[in-house]
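Asker: here is my input; please provide its structure:
(2 chains)
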2 protein chains.
Amino acid sequence: MKYNFINTPRIGIIGGGQLAKMTAISAMKYGCEIVILEKSKKSPSENLAAEMIYGDWDDPDNLLELANKVDVVTLENEFVDANSLKVLEGEGHTLYPSSKTIDLVQDKLNQKRTLNNAGIPVMTFTEIESREDIIRHAKELSWPIILKARRNAYDGKGNSTLHSEEDIDSAWIKLNGKKQKLYIEDFCDFKSELATMITRDINGKIVTYPVVESIQKNHICHIVRAPANINNEISKKALDLSIKAVKAIDGIGTIGVEMFCTKDNEIIVNEMAPRVHNSGHYTIEACETSQFENHVRAILGLPLGSTRMIAPAAVMINILGNREGNGFPTGIEKALAINGAHVHVYGKTTTNIGRKMGHVTALGSSIAEAENVAIEAAASISFGKQK
Amino acid sequence: MKYNFINTPRIGIIGGGQLAKMTAISAMKYGCEIVILEKSKKSPSENLAAEMIYGDWDDPDNLLELANKVDVVTLENEFVDANSLKVLEGEGHTLYPSSKTIDLVQDKLNQKRTLNNAGIPVMTFTEIESREDIIRHAKELSWPIILKARRNAYDGKGNSTLHSEEDIDSAWIKLNGKKQKLYIEDFCDFKSELATMITRDINGKIVTYPVVESIQKNHICHIVRAPANINNEISKKALDLSIKAVKAIDGIGTIGVEMFCTKDNEIIVNEMAPRVHNSGHYTIEACETSQFENHVRAILGLPLGSTRMIAPAAVMINILGNREGNGFPTGIEKALAINGAHVHVYGKTTTNIGRKMGHVTALGSSIAEAENVAIEAAASISFGKQK
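Answerer: Predicted coordinates for the structure are as follows:
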């Protein structure tokens, strides 16, 4: 596809969460219109859509209804069934990333195989079908190992670390091994977790964002430090592998690559997200062109923009729900009183424990400077006020 | 008002143009909802509103309908009848800026009187009621003089420069002197036109944006250079006068002040806009907190953000329609190929000559550097493609 619209481009987004919201804002800057397919009412992106379609996004009829209203379809999560997405392409609709990319990524075992076949370092992994399989393979891998769901896992949901045979039964039940397909992976005793966002356009042109360090808390992205405190050699290695990984899945649009940096400074690709990603939120304020804007450019066939950081350092901190309740933020007036805090509230109507409700980004002349601001601002805001 | 919301704040905006659109985007970042009162369908802000009300904004019933749906009402133009706005306040609704501010500004003769009474330098002005009045006063002022409509004038509409008595008749007809109230003003042979944006919150706290130079073309803002190429003394004088002017009209929210800098480096206040303003668009990319974001903060009772520029220089160039036609931009793919060009397309469905359709902002280490990028990008885009 080349950019050859003769009227307002309409972009269809599958999913209406905060990633869709931030993508929609970027698209509107270019005068585009957005149509959203979302399961529930009152999603964060609802008020940005020219039109909402409510329904199951795995249902090809809903996907076709969306596609028929727009010029190009994209998605904000990788859980949409790849076979349903194939229907869109079969009917001649434009989908970026493609159903093939989603297919290669949404089953994590397939994803690992794809990366491994492309010569990209990943942790040793094995398909398993039973508890006995786990015990057998654990002997080869050595404890601890990680038991993972092949599909629909995010933010640590669907992962369980096994330290010995004794952990198997409870993990098997937790991950519903009877019904869900699982696999195991060697545990990585990493020095740090790195991530980068890559945008690849429809002609294969690639821009890379800086390699960042991502600090997880309870398996959920908590802090992102941009750039990561690594030397040029490691940074280059991480970017080269990320580019290779994006090509391996034929990704188009903005794609997230999560990596481990081992104690020997080896880079191991952990997981890919074929979409804009939490570890790239800092790009809104910190880069000349955000991950969202470049995603929009990529899927419309527009030239990609510079990913250069406009400050020496940026730190992003997620604000998670810490109880059930109202999604309204308490303390935003305190957060905004902190000089340099860029506060984002997603507008979710309800919160619960661990739910991503907003984030704060701060720029600075050093990571420490930015992080102090971001920590203070994020700590000022809470969700789930008792009524 | 203090920020003490316990649920999603809803902001009502009178008018749905590009200023409402950019304000709405800033408000959504904080999770707010927007309701818009607008005359016509398919306005630039339409897809950002949780709710649209269509109707004449001078009609108190429409204003009340809007106010009843929101926590605070603001506006994107100063042409809403101040007497109609008074009804909102009379019914206990929150309106920023107030009807009093709008009253002091929307009749330009009143505005001049207000500024003059506050000791702020303005060009000599006089109320007139007839062609004979013009001739009589012109003798005191010396030609050329400017004949101006007191109300509803913008982008040079409603102004006419008179070089001699011979110009009076045609200007009188052009400005509809029979029906419209007019006034005359001495012509200012300025060295440059300056502007600044001021945000004043509900507690009277003020932040000022840098003084910028504004280059007009056919009375329409064409280029904005931030900061203006003036020394600190002139800059301070301009900021001090702007603050005084904002206080004189008791402005709340973001307010634009347009000034002349004379050949003797005197600062004369030309016109005020009690709202976000075209000469502050550059703040979206160039300042830590944009004029739009600070407006939202001000009217919600949130702390104001830093107005510091994040680059040494920024240049904004308007993209105007140059014929009648479709509002779709041609050439955006060329503009985005230019490194550093931030392109904004307002999403108007139709264009005509001189209509503001979009703008480009570029940052740089110098005005010249930024201006080259902005000029090239803006020149790549045109509206009104023949079908």
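
Asker: from A:Val72, how far out is the nearest residue to A:Gln180 once chain neighbours are set aside?
Answerer: For A:Gln180, ignoring the flanking residues on the chain, the nearest one in space by Cβ to Cβ, 6 or more residues apart in numbering or on different chains is A:Ala149 at 5.2 Å. The C-beta positions use only the backbone N, C-alpha and C, and glycine is treated the same way. Separation of A:Ala149 from A:Val72 (Cβ to Cβ, to the nearest Å): 31 Å.

Asker: same deal with A:Arg225?
Answerer: Taking Cβ to Cβ, one finds A:Arg225 at 33 Å from A:Val72.

Asker: how does chain A divide into domains?
Answerer: Per automatic domain parsing, the structural domains of chain A span A:10-95, A:124-186, A:192-383.

Asker: can I assume A:Leu109 sits in a strand?
Answerer: No. Going by DSSP: H, G, I helix; E, B strand; the rest coil, the assignment for A:Leu109 is helix, not a strand.

Asker: now do the contacts for it.
Answerer: Applying Cβ atoms under 8 Å, 6 or more residues apart in numbering or on different chains to A:Leu109 gives the contacts A:125, A:127, A:150, A:181, A:183.

Asker: flag every residue of the stretch 251-387 of chain A that's near chain B.
Answerer: A:288, A:297, A:301-303, A:305-306, A:310-311, A:326, A:328-329, A:332-333, A:336-337, A:339-340, A:343-347, A:358, A:363, A:385, A:387 (Cβ under 8 Å from any Cβ of the partner chain).

Asker: in strands, which of the residues you listed fall?
Answerer: Among these, the ones falling in strands (DSSP state E) are A:326, A:329, A:343-345, A:358, A:363.

Asker: can you put the residues you listed in TSV and add pLDDT and neighbour count?
Answerer: Below are those laid out as TSV (pLDDT from 0 to 100; neighbours: other Cβ atoms under 10 Å in any protein chain shown):
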residue	pLDDT	neighbour count
A:Asn326	89	18
A:Pro329	93	26
A:Val343	98	26
A:His344	98	23
A:Val345	97	25
A:Gly358	97	28
A:Leu363	97	23
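
Asker: between the residues you listed, which sits nearest A:Ser192?
Answerer: Comparing those against A:Ser192 with Cβ to Cβ places A:Leu363 closest, at 21.4 Å.

Asker: export the domains of chain A to CSV and tack on distance to A:Leu104?
Answerer: Output for the domains of chain A, formatted as CSV (distance: least, Cβ to Cβ, whole Å):
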stretch, distance to A:Leu104
domain A:10-95, 8
domain A:124-186, 13
domain A:192-383, 5
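
Asker: ok, which stretches of chain A are helices?
Answerer: For chain A, the helices defined by DSSP state H occupy A:18-29, A:60-68, A:82-90, A:99-106, A:108-117, A:131-141, A:168-174, A:232-248, A:283-286, A:291-300, A:332-335, A:367-380.

Asker: out of those helices, deepest packed?
Answerer: helix A:291-300 (a mean of 28; mean count of other Cβ atoms under 10 Å in any protein chain shown).

Asker: wait, what's in contact with the residue of the stretch 1-150 of chain A found nearest chain B?
Answerer: When scored by Cβ to the nearest Cβ, the stretch 1-150 of chain A has A:Gly31 as its residue closest to chain B, at 3.4 Å. By Cβ under 8 Å, 6+ apart, the residues touching A:Gly31 are A:8, B:328-329, B:345-347, B:358.

Asker: counting neighbours, what do you get for the residue lying closest to A:Ile375 once chain neighbours are set aside?
Answerer: Closest residue in space to A:Ile375, ignoring its immediate chain neighbours: A:Ile317 at 6.3 Å, by Cβ to Cβ, 6+ apart. A:Ile317: 28 surrounding residues under other Cβ atoms under 10 Å in any protein chain shown.

Asker: tell me the pLDDT of A:Ile317.
Answerer: pLDDT for A:Ile317: 97.

Asker: and what of A:Thr23?
Answerer: pLDDT for A:Thr23: 98.

Asker: which strands and helices sit next to the helix or strand of chain A with the lowest mean pLDDT?
Answerer: When the helices and strands of chain A are scored by mean pLDDT, DSSP states H and E, helix A:131-141 comes last with a mean of 86. For helix A:131-141, the packing partners by 3 or more Cβ pairs under 8 Å, 6 or more residues apart in numbering or on different chains; DSSP states H and E come out as strand A:125-127, strand A:145-149, helix A:168-174, strand A:182-186.

Asker: which residues does the last one contact?
Answerer: For strand A:182-186, the surrounding residues in contact (Cβ under 8 Å, 6+ apart) are A:108-109, A:112, A:123-128, A:133-134, A:137-138, A:141-142, A:145-150, A:162, A:175.

Asker: could I get the average pLDDT for it?
Answerer: For strand A:182-186, mean pLDDT rounds to 94.

Asker: can you redo the contacts of A:Gly31 as a markdown table with distance to B:Ile198?
Answerer: Shown next, in a markdown table, are those (distance: Cβ to Cβ, whole Å):
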| residue | distance to B:Ile198 |
| --- | --- |
| A:Thr8 | 35 |
| B:Phe328 | 35 |
| B:Pro329 | 32 |
| B:Val345 | 28 |
| B:Tyr346 | 24 |
| B:Gly347 | 28 |
| B:Gly358 | 25 |
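
Asker: for those residues, which one is nearest A:Leu48?
Answerer: Closest to A:Leu48 out of the contacts of A:Gly31 is B:Gly347 (12.4 Å), distances taken as Cβ to Cβ.

Asker: A:Lys191 touches A:Thr262, doesn't it?
Answerer: Yes. Using Cβ atoms under 8 Å, A:Lys191 is in contact with A:Thr262, at 6.1 Å.

Asker: low-scoring stretches of chain A, by residue?
Answerer: Counting by pLDDT under 70, chain A contains low-confidence ranges at A:1-2, A:386-387.

Asker: how close does the most centrally placed residue in it get to chain B?
Answerer: For chain A, the residue nearest the mean C-alpha position is A:His277 (3.1 Å; Cα atoms, centre = their mean). From A:His277 across to chain B, the span is 19 Å (Cβ to the nearest Cβ, to the nearest Å).

Asker: so what's that residue closest to, chain neighbours aside?
Answerer: A:Gly256 (3.1 Å).

Asker: check contacts around the one you found.
Answerer: Shown in contact with A:Gly256 (Cβ under 8 Å, 6+ apart): A:195-198, A:272-273, A:275-280.

Asker: and of those, the nearest to A:Lys21?
Answerer: Taking these together and measuring to A:Lys21 by Cβ to Cβ, the closest member is A:Val276, at 10.7 Å.
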